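A structural model of the following input is requested.
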Amino acid sequence: MAVNLRVPKIKFARANSSDSTYSPIATYYMILVAALMLAGFGVIMTFSATAVHNISMELNPYLVFSRNVVITLVSLIAAVAASRFRPTTIRRWSWALFLAALVFQLMVVPFGYAQGGNQNWVRIPVINQMIQPSELLKLATCLMLAQVLANLGERVNNWKAVAVGVGLPAVASLGAVMLGHDMGTALIFLAITVGALWVAGAPLKWFGAIGLAGLAASAVLVMMNPSRLRRVMEILPGLGSAPDPSAPTQTAQGLWALGSGGLIGLGPGASRAKWNYLQEAESDFILAIVGEEFGLIGTLTLVVTLGVLVWGTLRLASHSPDAFVRIASGGIAAWLIFQGFVNIGSVTGLTPVIGVPFPLVSYGGSAFLFTALAIGVLLAFARSEAGLTGWWRNRAETGPRDPRVAPKRTRVRRTR
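Below is the predicted model:
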């Protein structure tokens, strides 16, 4: 007797699917709740990862924590403001934002500051703070590519039109970032471009060509830089130098921290790796501290929460009737996926250490601020699908579970 098994096909976000069960309200809350959970947990883990180091340096143990709280609050306010914009307004200003961000990124050449081998920081005199322009450029590139590809429409199969409209600004972004020698961030821009092209429906054969070109360019850039070559050799068994137990690499320290956490971890604040054994414990290697203090359960919970955030973003990319919204959401999803994967890979030894933070969890003002702004843009898209058309208030009657602002209530006078 033959048995017919229905095997579900996984459809990535390439077209607008008509699904009667789809709810933009559910998408809104998936993105909102997951982002808030990651941000809140990041504040807690930043304090855990930095307090001991500050004490050893005879500094205030709450120094980094207080700064992170301020950064988080400012970023949340910015995200809320961004979520109130209409997608049409965001689309209208996407090119202006991209050009401004590109000029800002180019300022790292004459005025930039080096940190971690990358000259990718600019000091803003008014607020006396260091800002990483490439983080703003990520969001601007997502929006710019979405506008270009949405305008192309069916001409997305025309390689000449795509090469001019998408290729030139994408290469300009990559080149501007590489002027600061930040290869890790440049790879994220490549992922954003691939994600936007995928959602726009570009021919599949193009992705093979982009992949080969990316691998060739990456190989050349790695061979030209001894530090990058050493990091690549560290993760390739048999090709690098024999590990020195007296001077373990950061990846080895991260793996020891993850392994010592076991299933449930050593407990909040009980990490040993943060006692000046693991550099960048609050940023690039925050996942190792999470694994050591909260174990495999805590690590998987963090990864699953990021997965929920990405899932909500992909729901926008696959269900929105607006091509601009779909493509921009796809670019942001590729940004979050690739950045999360590389950060996890750096800690676990699957990828070289290239200094990429975990989205919304790692400590970092610029990275957190502009990732939060990207979340605000996604929330604006979801709110628009739910029917919001105003800036602060929606005039339509809505239910209490709707993410839109509730309508103004009228008081009824009681007669005695």
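
use CA for all of it now, contacts and neighbours both
Noted.

which outside residues touch the host helix or strand of residue 218?
If you go by DSSP states H and E, residue 218 is part of helix 204-224. Defining contact as CA atoms under 8 Å, 6 or more residues apart in numbering, one finds that helix 204-224 is touched by 190, 194, 228, 229.

What helices and strands are in contact with whichever strand in the chain runs longest?
Ordering each strand of the chain by length in residues (DSSP state E) puts strand 118-124 first. Counting contacts by 3 or more CA pairs under 8 Å, 6 or more residues apart in numbering; DSSP states H and E, strand 118-124 packs against helix 108-111, strand 113-115, strand 129-131, helix 133-152.

Mind putting these into CSV with distance to residue 361 and mean neighbour count?
Output for the helices and strands packed on strand 118-124, formatted as CSV (distance: least, CA to CA, whole Å; neighbours: other CA atoms under 10 Å):
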stretch, distance to residue 361, mean neighbour count
helix 108-111, 26, 15
strand 113-115, 20, 13
strand 129-131, 18, 16
helix 133-152, 15, 25
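
what does the lowest-mean-pLDDT helix or strand in the chain contact?
The helix or strand of the chain with the poorest confidence is strand 113-115; it has a mean of 76 (mean pLDDT, DSSP states H and E). With CA under 8 Å, 6+ apart as the contact definition, strand 113-115 has outside contacts at 119, 120, 121, 122, 123.

about what we covered before: please identify which of the contacts of helix 204-224 is nearest to residue 355.
Of all those, residue 355 sits closest to residue 228, with 11.3 Å by CA to CA.

so what's that closest one up against?
By CA under 8 Å, 6+ apart, the contact set of residue 228 is residue 222.

Now do it against residue 287, distance only.
Look at residue 228 and residue 287: by CA to CA, to the nearest Å, they are 22 Å apart.

Which stretches in the stretch 251-400 of the chain count as strands?
Assigned by DSSP state E, counting those that start in this stretch, the stretch 251-400 of the chain shows no strands.

got any ranges where it has weak pLDDT?
Scanning the stretch 251-400 of the chain for pLDDT under 70 picks out the ranges 386-400.

Just send the contacts of helix 204-224 back as a markdown table, with secondary structure and distance to residue 347 too.
Output for those, formatted as a markdown table (DSSP: H, G, I helix; E, B strand; the rest coil; distance: CA to CA, whole Å):
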| residue | secondary structure | distance to residue 347 |
| --- | --- | --- |
| 190 | helix | 22 |
| 194 | helix | 25 |
| 228 | helix | 16 |
| 229 | helix | 18 |
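
buried subset of those residues?
Burial by neighbour count, judged by 16 or more other CA atoms under 10 Å, picks out 190, 194, 228, 229 from the contacts of helix 204-224.

Closest to residue 147 out of those residues?
For these, the nearest to residue 147 is residue 194 (15.0 Å; CA to CA).

Excluding sequence neighbours, find me the nearest residue to that closest one.
Among residues not flanking residue 194 along the chain, residue 207 sits closest, at 7.3 Å (CA to CA, 6 or more residues apart in numbering).

follow-up on the earlier one: buried ones in the helix holding residue 218, by neighbour count?
Going by neighbour count (16+ other CA under 10 Å), the buried part of helix 204-224 is 221, 222.

number of nearby residues for residue 313?
When neighbours are defined as other CA atoms under 10 Å, residue 313 has 30 of them.

in the protein, which residue is closest to the centre?
residue 336 (3.6 Å; CA atoms, centre = their mean).

tell me the contacts of it?
Residues near residue 336 by CA under 8 Å, 6+ apart: 310, 359.

circling back: rank the helices and strands packed on strand 118-124 by mean pLDDT and give me the bottom one.
When the helices and strands packed on strand 118-124 are compared by mean pLDDT, strand 113-115 comes last with a mean of 76.

about what we covered before: tell me the gap between the helix holding residue 218 and the middle of its chain.
22 Å (CA atoms, centre = their mean, to the nearest Å).

What of stretch 72-81?
With CA atoms, centre = their mean, you get 16 Å for stretch 72-81.

Please identify the buried residues of that stretch?
Applying 16+ other CA under 10 Å to stretch 72-81 flags 72, 75, 76, 78, 79, 80, 81 as buried.

tell me which of those residues is nearest to residue 260?
residue 72 (30.1 Å).

So which residues of the stretch 151-300 of the chain form helices?
159-162, 168-178, 183-200, 204-224, 226-235, 250-261, 286-319 (DSSP state H, counting those that start in this stretch).

Let me have those in a markdown table, extended by distance to residue 365.
Formatted as a markdown table, the helices of the stretch 151-300 of the chain follow (distance: least, CA to CA, whole Å):
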| stretch | distance to residue 365 |
| --- | --- |
| helix 159-162 | 34 |
| helix 168-178 | 18 |
| helix 183-200 | 16 |
| helix 204-224 | 28 |
| helix 226-235 | 25 |
| helix 250-261 | 23 |
| helix 286-319 | 15 |
